[in-house]
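# Got a predicted structure here, sequence first:
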Amino acid sequence: MAGMDVNILKQLEGMLNKLNHAVRKKSLYASLANTDFIPFIQPIFQDDNMVGCEVLMRLKKNGIISSPVKYIQEMELDNVINDATCVLLEQVKADFSPHVGKLPDNFYFSFNICAQQLKSVQMVNSVIEFNALFKNKVTVVLEIVERGTIYFDDFSLAVIDRLVDEGIRFSIDDFGSASSGLKYIERPGFTTIKIDKDLTLSEHGSLIYPSVITAITAISSKLNIQIIAEGVENEEQLHLLKNKGINHFQGFLFSRPMSTSSFINDYLCHPLPKYRYS
Ligand code: G
Ligand code: G
Ligand code: MN
(Lines give C-alpha, C1' and ligand atoms only; values in the text may rest on other atoms or scores of the structure.)
(Ligands and ions follow the chains in the order given, each with its own letter.)
Protein backbone atom coordinates (compact mmCIF):
# COMPACT_ATOMS: atom_id res chain seq x y z
CA MET A 1 0.00 0.00 0.00
CA ALA A 2 2.79 2.36 1.07
CA GLY A 3 4.68 1.42 -2.16
CA MET A 4 1.67 2.42 -4.24
CA ASP A 5 1.49 5.79 -2.49
CA VAL A 6 5.12 6.45 -3.37
CA ASN A 7 4.46 5.56 -7.02
CA ILE A 8 1.47 7.85 -7.19
CA LEU A 9 3.48 10.66 -5.58
CA LYS A 10 6.28 10.15 -8.11
CA GLN A 11 3.81 10.27 -11.00
CA LEU A 12 2.25 13.41 -9.57
CA GLU A 13 5.68 14.99 -9.18
CA GLY A 14 6.49 14.14 -12.81
CA MET A 15 3.22 15.68 -13.98
CA LEU A 16 3.81 18.81 -11.93
CA ASN A 17 7.34 19.17 -13.33
CA LYS A 18 6.02 18.87 -16.87
CA LEU A 19 3.29 21.39 -16.15
CA ASN A 20 5.79 23.76 -14.56
CA HIS A 21 8.07 23.43 -17.59
CA ALA A 22 5.16 24.08 -19.98
CA VAL A 23 4.08 27.16 -18.02
CA ARG A 24 7.64 28.57 -17.94
CA LYS A 25 8.07 27.92 -21.65
CA LYS A 26 4.79 29.65 -22.43
CA SER A 27 5.75 32.63 -20.31
CA LEU A 28 9.23 32.81 -21.92
CA TYR A 29 7.73 32.67 -25.40
CA ALA A 30 5.18 35.35 -24.46
CA SER A 31 8.00 37.60 -23.20
CA LEU A 32 10.00 37.05 -26.38
CA ALA A 33 7.07 37.58 -28.77
CA ASN A 34 7.83 40.24 -31.40
CA THR A 35 11.40 40.39 -30.13
CA ASP A 36 14.45 40.35 -32.38
CA PHE A 37 17.80 38.95 -31.27
CA ILE A 38 20.53 41.35 -32.29
CA PRO A 39 24.32 41.20 -31.88
CA PHE A 40 26.19 43.81 -29.88
CA ILE A 41 29.96 43.85 -30.10
CA GLN A 42 32.49 44.51 -27.33
CA PRO A 43 36.14 44.71 -28.37
CA ILE A 44 38.92 42.83 -26.56
CA PHE A 45 42.39 44.36 -26.30
CA GLN A 46 45.93 43.20 -25.92
CA ASP A 47 47.51 46.29 -24.44
CA ASP A 48 46.17 49.01 -26.76
CA ASN A 49 45.54 46.79 -29.78
CA MET A 50 42.16 45.31 -30.53
CA VAL A 51 42.67 41.57 -31.04
CA GLY A 52 39.11 40.29 -31.07
CA CYS A 53 35.60 40.92 -29.85
CA GLU A 54 32.77 39.30 -27.97
CA VAL A 55 29.36 39.09 -29.60
CA LEU A 56 26.68 39.77 -26.98
CA MET A 57 23.01 39.16 -27.51
CA ARG A 58 20.60 42.02 -27.14
CA LEU A 59 16.81 41.95 -27.37
CA LYS A 60 14.99 44.45 -29.53
CA LYS A 61 11.31 44.95 -28.93
CA ASN A 62 9.24 47.92 -30.09
CA GLY A 63 12.46 49.71 -30.99
CA ILE A 64 13.89 49.30 -27.47
CA ILE A 65 17.16 47.41 -27.05
CA SER A 66 17.79 45.56 -23.80
CA SER A 67 20.05 42.95 -22.22
CA PRO A 68 18.79 39.35 -22.26
CA VAL A 69 19.91 38.91 -18.63
CA LYS A 70 16.34 38.40 -17.31
CA TYR A 71 15.62 35.60 -19.77
CA ILE A 72 18.95 34.03 -20.54
CA GLN A 73 18.74 31.19 -18.04
CA GLU A 74 15.29 30.13 -19.26
CA MET A 75 16.41 30.53 -22.86
CA GLU A 76 19.37 28.25 -22.25
CA LEU A 77 16.99 25.52 -21.07
CA ASP A 78 15.06 25.74 -24.33
CA ASN A 79 15.80 25.30 -28.01
CA VAL A 80 15.19 29.04 -28.48
CA ILE A 81 18.82 29.65 -27.42
CA ASN A 82 19.97 27.84 -30.57
CA ASP A 83 17.71 29.97 -32.75
CA ALA A 84 19.12 33.05 -31.02
CA THR A 85 22.77 32.02 -31.55
CA CYS A 86 22.06 31.24 -35.21
CA VAL A 87 20.47 34.68 -35.69
CA LEU A 88 23.55 36.33 -34.12
CA LEU A 89 25.89 34.33 -36.37
CA GLU A 90 23.86 35.27 -39.46
CA GLN A 91 23.66 38.95 -38.53
CA VAL A 92 27.38 39.26 -37.73
CA LYS A 93 28.16 37.48 -41.01
CA ALA A 94 25.95 39.88 -42.98
CA ASP A 95 27.18 43.04 -41.24
CA PHE A 96 30.91 42.23 -41.29
CA SER A 97 31.23 40.53 -44.70
CA PRO A 98 31.84 43.85 -46.51
CA HIS A 99 34.44 44.86 -43.90
CA VAL A 100 36.56 41.74 -43.30
CA GLY A 101 39.49 43.35 -45.05
CA LYS A 102 39.55 46.10 -42.40
CA LEU A 103 39.77 43.72 -39.45
CA PRO A 104 43.16 43.38 -37.74
CA ASP A 105 45.14 40.22 -38.63
CA ASN A 106 44.26 37.15 -36.54
CA PHE A 107 41.07 38.81 -35.33
CA TYR A 108 38.50 36.64 -33.56
CA PHE A 109 34.75 36.73 -32.98
CA SER A 110 33.80 35.17 -29.68
CA PHE A 111 30.24 33.81 -29.30
CA ASN A 112 28.65 32.66 -26.04
CA ILE A 113 27.21 29.18 -25.92
CA CYS A 114 26.28 26.71 -23.20
CA ALA A 115 27.48 23.10 -23.35
CA GLN A 116 24.00 21.83 -24.24
CA GLN A 117 24.09 23.80 -27.51
CA LEU A 118 26.76 21.47 -28.92
CA LYS A 119 23.90 19.00 -29.32
CA SER A 120 22.09 21.26 -31.78
CA VAL A 121 22.95 20.25 -35.35
CA GLN A 122 21.53 23.55 -36.60
CA MET A 123 23.73 25.58 -34.26
CA VAL A 124 26.90 23.55 -34.91
CA ASN A 125 26.39 23.79 -38.69
CA SER A 126 25.89 27.56 -38.45
CA VAL A 127 29.17 27.89 -36.55
CA ILE A 128 31.01 25.78 -39.14
CA GLU A 129 29.48 27.81 -41.98
CA PHE A 130 30.43 31.11 -40.33
CA ASN A 131 33.96 29.87 -39.75
CA ALA A 132 34.34 28.66 -43.34
CA LEU A 133 33.19 32.00 -44.77
CA PHE A 134 35.80 33.98 -42.83
CA LYS A 135 38.50 31.30 -42.91
CA ASN A 136 42.10 32.55 -42.85
CA LYS A 137 40.91 36.02 -41.87
CA VAL A 138 38.94 35.54 -38.68
CA THR A 139 38.84 32.85 -36.01
CA VAL A 140 35.67 31.81 -34.23
CA VAL A 141 35.92 31.35 -30.48
CA LEU A 142 33.12 29.68 -28.53
CA GLU A 143 32.86 30.90 -24.94
CA ILE A 144 31.33 28.24 -22.77
CA VAL A 145 29.00 30.13 -20.44
CA GLU A 146 27.73 27.44 -18.13
CA ARG A 147 25.71 28.85 -15.22
CA GLY A 148 26.29 25.60 -13.28
CA THR A 149 29.18 23.16 -13.50
CA ILE A 150 30.41 22.63 -17.04
CA TYR A 151 29.92 19.08 -18.23
CA PHE A 152 30.52 17.69 -21.70
CA ASP A 153 29.36 14.15 -22.45
CA ASP A 154 31.15 11.99 -25.05
CA PHE A 155 28.95 13.25 -27.87
CA SER A 156 29.71 16.90 -27.03
CA LEU A 157 33.44 16.16 -26.70
CA ALA A 158 33.37 14.62 -30.19
CA VAL A 159 31.62 17.75 -31.52
CA ILE A 160 34.29 19.90 -29.85
CA ASP A 161 37.05 17.86 -31.53
CA ARG A 162 35.30 18.27 -34.89
CA LEU A 163 35.04 22.05 -34.39
CA VAL A 164 38.67 22.28 -33.24
CA ASP A 165 39.68 20.44 -36.44
CA GLU A 166 37.93 23.25 -38.35
CA GLY A 167 40.12 25.79 -36.53
CA ILE A 168 37.48 26.91 -34.02
CA ARG A 169 38.77 27.67 -30.52
CA PHE A 170 37.12 27.42 -27.13
CA SER A 171 37.26 29.53 -24.04
CA ILE A 172 35.87 29.16 -20.54
CA ASP A 173 33.78 32.16 -19.62
CA ASP A 174 33.28 33.67 -16.16
CA PHE A 175 36.22 31.60 -14.94
CA GLY A 176 36.41 31.42 -11.17
CA SER A 177 32.75 32.30 -10.61
CA ALA A 178 29.87 29.83 -10.49
CA SER A 179 31.13 27.71 -13.33
CA SER A 180 33.82 25.12 -12.83
CA GLY A 181 35.45 24.05 -16.03
CA LEU A 182 38.93 23.54 -14.68
CA LYS A 183 39.49 20.06 -16.09
CA TYR A 184 38.59 21.12 -19.63
CA ILE A 185 41.36 23.67 -19.93
CA GLU A 186 43.77 20.79 -20.54
CA ARG A 187 41.87 19.78 -23.68
CA PRO A 188 43.17 20.72 -27.13
CA GLY A 189 41.28 23.68 -28.53
CA PHE A 190 40.59 25.27 -25.12
CA THR A 191 42.92 28.19 -25.53
CA THR A 192 41.49 30.89 -23.29
CA ILE A 193 40.18 31.61 -19.82
CA LYS A 194 38.03 34.68 -19.24
CA ILE A 195 38.38 35.78 -15.64
CA ASP A 196 34.97 36.67 -14.28
CA LYS A 197 34.33 40.35 -13.65
CA ASP A 198 33.64 39.71 -9.96
CA LEU A 199 37.25 38.58 -9.56
CA THR A 200 38.92 41.51 -11.31
CA LEU A 201 37.49 44.12 -8.93
CA SER A 202 39.81 46.42 -7.02
CA GLU A 203 39.32 48.64 -3.99
CA HIS A 204 41.55 51.24 -2.33
CA GLY A 205 44.47 50.51 -4.63
CA SER A 206 44.42 46.69 -4.34
CA LEU A 207 42.78 43.81 -6.13
CA ILE A 208 40.09 42.22 -3.98
CA TYR A 209 41.16 38.69 -4.97
CA PRO A 210 44.92 38.94 -5.59
CA SER A 211 45.71 35.32 -4.65
CA VAL A 212 43.01 33.88 -6.90
CA ILE A 213 44.31 35.97 -9.78
CA THR A 214 47.86 34.80 -9.09
CA ALA A 215 46.68 31.17 -9.04
CA ILE A 216 44.81 31.58 -12.34
CA THR A 217 47.85 33.19 -14.00
CA ALA A 218 50.05 30.34 -12.71
CA ILE A 219 47.76 27.69 -14.23
CA SER A 220 47.51 29.58 -17.47
CA SER A 221 51.23 29.99 -17.94
CA LYS A 222 51.80 26.33 -17.09
CA LEU A 223 49.25 25.26 -19.72
CA ASN A 224 50.13 28.05 -22.13
CA ILE A 225 46.58 29.35 -22.04
CA GLN A 226 45.58 32.93 -22.71
CA ILE A 227 43.84 34.94 -19.99
CA ILE A 228 41.37 37.73 -20.64
CA ALA A 229 40.39 39.91 -17.68
CA GLU A 230 36.71 40.87 -17.93
CA GLY A 231 34.94 43.83 -16.39
CA VAL A 232 37.88 46.26 -16.45
CA GLU A 233 36.22 49.56 -15.61
CA ASN A 234 39.03 51.80 -14.37
CA GLU A 235 42.74 52.54 -14.68
CA GLU A 236 43.47 51.23 -11.19
CA GLN A 237 42.14 47.77 -12.05
CA LEU A 238 44.00 47.81 -15.35
CA HIS A 239 47.28 48.72 -13.67
CA LEU A 240 46.91 46.07 -10.93
CA LEU A 241 45.98 43.34 -13.41
CA LYS A 242 48.90 44.28 -15.67
CA ASN A 243 51.17 43.92 -12.63
CA LYS A 244 49.87 40.36 -12.31
CA GLY A 245 51.11 39.67 -15.84
CA ILE A 246 47.73 39.87 -17.56
CA ASN A 247 47.68 41.64 -20.91
CA HIS A 248 44.30 40.88 -22.49
CA PHE A 249 41.40 43.05 -21.36
CA GLN A 250 37.71 43.61 -21.91
CA GLY A 251 35.55 46.15 -20.13
CA PHE A 252 33.88 49.52 -20.01
CA LEU A 253 37.25 51.30 -19.59
CA PHE A 254 38.00 50.33 -23.17
CA SER A 255 34.53 50.16 -24.67
CA ARG A 256 30.95 49.27 -23.87
CA PRO A 257 29.23 46.69 -26.06
CA MET A 258 27.86 48.51 -29.11
CA SER A 259 25.79 47.88 -32.23
CA THR A 260 27.59 46.33 -35.20
CA SER A 261 27.19 49.57 -37.17
CA SER A 262 28.78 51.67 -34.38
CA PHE A 263 31.57 49.13 -34.00
CA ILE A 264 32.26 49.07 -37.74
CA ASN A 265 32.24 52.85 -37.86
CA ASP A 266 34.32 53.49 -34.70
CA TYR A 267 36.82 50.66 -34.92
CA LEU A 268 37.07 49.71 -38.58
CA CYS A 269 36.11 52.66 -40.78
CA HIS A 270 37.20 55.65 -38.66
CA PRO A 271 39.50 54.32 -35.95
CA LEU A 272 41.33 56.75 -33.72
CA PRO A 273 45.13 56.32 -33.65
CA LYS A 274 44.72 54.34 -30.41
CA TYR A 275 41.75 52.06 -30.01
CA ARG A 276 41.01 53.26 -26.45
CA TYR A 277 37.91 55.46 -26.51
CA SER A 278 36.71 56.15 -22.99
O1 G B 1 25.69 41.81 -21.88
P2 G B 1 25.04 41.47 -20.61
O3 G B 1 25.82 41.57 -19.33
O4 G B 1 23.75 42.22 -20.47
O5 G B 1 24.59 39.93 -20.76
C6 G B 1 23.85 39.31 -19.80
C7 G B 1 24.17 37.83 -19.76
O8 G B 1 23.79 37.26 -21.00
C9 G B 1 25.64 37.52 -19.57
O10 G B 1 25.71 36.51 -18.58
C11 G B 1 26.08 36.96 -20.88
O12 G B 1 27.02 35.91 -20.73
C13 G B 1 24.80 36.41 -21.45
N14 G B 1 24.81 36.39 -22.91
C15 G B 1 24.98 37.44 -23.74
N16 G B 1 24.91 37.04 -25.03
C17 G B 1 24.70 35.71 -24.99
C18 G B 1 24.53 34.71 -25.98
O19 G B 1 24.60 34.96 -27.19
N20 G B 1 24.29 33.43 -25.57
C21 G B 1 24.23 33.12 -24.25
N22 G B 1 23.99 31.84 -23.93
N23 G B 1 24.39 34.01 -23.28
C24 G B 1 24.62 35.30 -23.64
O1 G C 1 28.77 36.40 -18.81
P2 G C 1 29.65 37.08 -19.82
O3 G C 1 31.04 37.24 -19.38
O4 G C 1 29.49 36.55 -21.22
O5 G C 1 29.02 38.53 -19.93
C6 G C 1 29.78 39.62 -20.13
C7 G C 1 28.87 40.75 -19.75
O8 G C 1 29.57 41.74 -19.00
C9 G C 1 28.37 41.45 -20.97
O10 G C 1 27.02 41.30 -20.94
C11 G C 1 28.73 42.90 -20.83
O12 G C 1 27.62 43.73 -21.07
C13 G C 1 29.16 42.99 -19.40
N14 G C 1 30.33 43.85 -19.27
C15 G C 1 31.29 44.09 -20.20
N16 G C 1 32.24 44.91 -19.72
C17 G C 1 31.88 45.21 -18.45
C18 G C 1 32.45 46.02 -17.45
O19 G C 1 33.49 46.64 -17.57
N20 G C 1 31.78 46.05 -16.26
C21 G C 1 30.64 45.37 -16.03
N22 G C 1 30.07 45.48 -14.83
N23 G C 1 30.06 44.60 -16.96
C24 G C 1 30.67 44.51 -18.16
MN1 MN D 1 30.98 35.80 -22.42
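Okay, I see it. Remember, predicted model here, so these are calculated numbers, not experimental data. Ligands and ions are numbered 1, 2, ... in the order given.
# Could you list the low-confidence segments of this protein?
Scanning the chain for pLDDT under 70 picks out 1-4, 178-180, 273-278.
# What about the residue nearest to S177 when sequence neighbours are not counted, how many residues nearby?
Of all residues not flanking S177 in the chain, D196 sits nearest, at 3.8 Å (Cβ to Cβ, 6 or more residues apart in numbering). (C-beta placed from N, C-alpha, C; glycine too.) For D196, the neighbour count with other Cβ atoms under 10 Å is 20.
# if I read this right, D196 contacts G181, doesn't it?
No - between D196 and G181 there is no contact under Cβ atoms under 8 Å: 11.7 Å.
# and for those two, which residues touch both?
With contacts defined as Cβ atoms under 8 Å, 6 or more residues apart in numbering, the residues shared by D196 and G181 are F175.
# Residue of this structure nearest ligand 2, please.
G251 (3.1 Å; Cβ to the nearest ligand atom).
# what sits against that residue?
G251 sits in contact with K197, T200, A229, E230, G231, V232, E233, Q237, where contact means Cβ under 8 Å, 6+ apart.
# Now the third one. Its backbone dihedrals?
Its backbone dihedrals place A229 at phi -90, psi 120, with angles given as degrees, to the nearest 10.
# How about it: which residues does it bridge to?
I195, F249 (DSSP bridges).
# what comes up buried for the lengthiest helix in the chain?
Determined from DSSP state H, the single longest helix within the chain is helix 2-31. In terms of neighbour count (16 or more other Cβ atoms under 10 Å), helix 2-31 has its buried residues at L28.
# could you say what helices and strands it packs with?
The contact analysis (3 or more Cβ pairs under 8 Å, 6 or more residues apart in numbering; DSSP states H and E) places helix 2-31 against helix 72-76.
# Where do the strands of the stretch 1-150 of the chain begin and end?
35-46, 49-61, 64-66, 107-113, 138-144 (DSSP state E, counting those that start in this stretch).
# Point out the residues in the stretch 101-250 of the chain that sit beside ligand 2.
By the rule Cβ under 6 Å from any ligand atom, the part of the stretch 101-250 of the chain lying against ligand 2 is N112, V145, D173, D174, K197, E230, G231, V232, E233, Q250.
# Just name the closest of those residues to ligand 1, please.
N112 (3.7 Å).
# re the thing from before, a markdown table please, covering the contacts of G251 and showing distance to I264 and neighbour count.
Converted to a markdown table, the contacts of G251 look like this (distance: Cβ to Cβ, whole Å; neighbours: other Cβ atoms under 10 Å):
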| residue | distance to I264 | neighbour count |
| --- | --- | --- |
| K197 | 26 | 18 |
| T200 | 28 | 28 |
| A229 | 25 | 27 |
| E230 | 23 | 22 |
| G231 | 24 | 18 |
| V232 | 23 | 25 |
| E233 | 25 | 16 |
| Q237 | 28 | 22 |
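# So which of the residues you listed sit within strands?
A229 (DSSP state E).
# Could you find the residue in the stretch 51-200 of the chain that comes nearest to ligand 1?
S67 (3.0 Å).
# tell me the contacts of that residue?
R58, L59.
# likewise I216?
For I216, the contact set (Cβ under 8 Å, 6+ apart) comprises F175, G176, I193, I195, L199, I227.
# roughly how far apart are it and ligand 1?
19 Å (Cβ to the nearest ligand atom, to the nearest Å).
# Make sure that residue is indeed in a strand.
No - I216 is assigned helix when assessed by DSSP: H, G, I helix; E, B strand; the rest coil, not a strand.
# Look up the closest residue to the residue of the chain closest to ligand 2, ignoring the ones flanking it.
G251 sits nearest to V232 (Cβ to Cβ, 6+ apart), 3.3 Å away.
# My guess is that neighbour contacts H239. True?
No - using Cβ under 8 Å, V232 is not in contact with H239, being 10.2 Å away.
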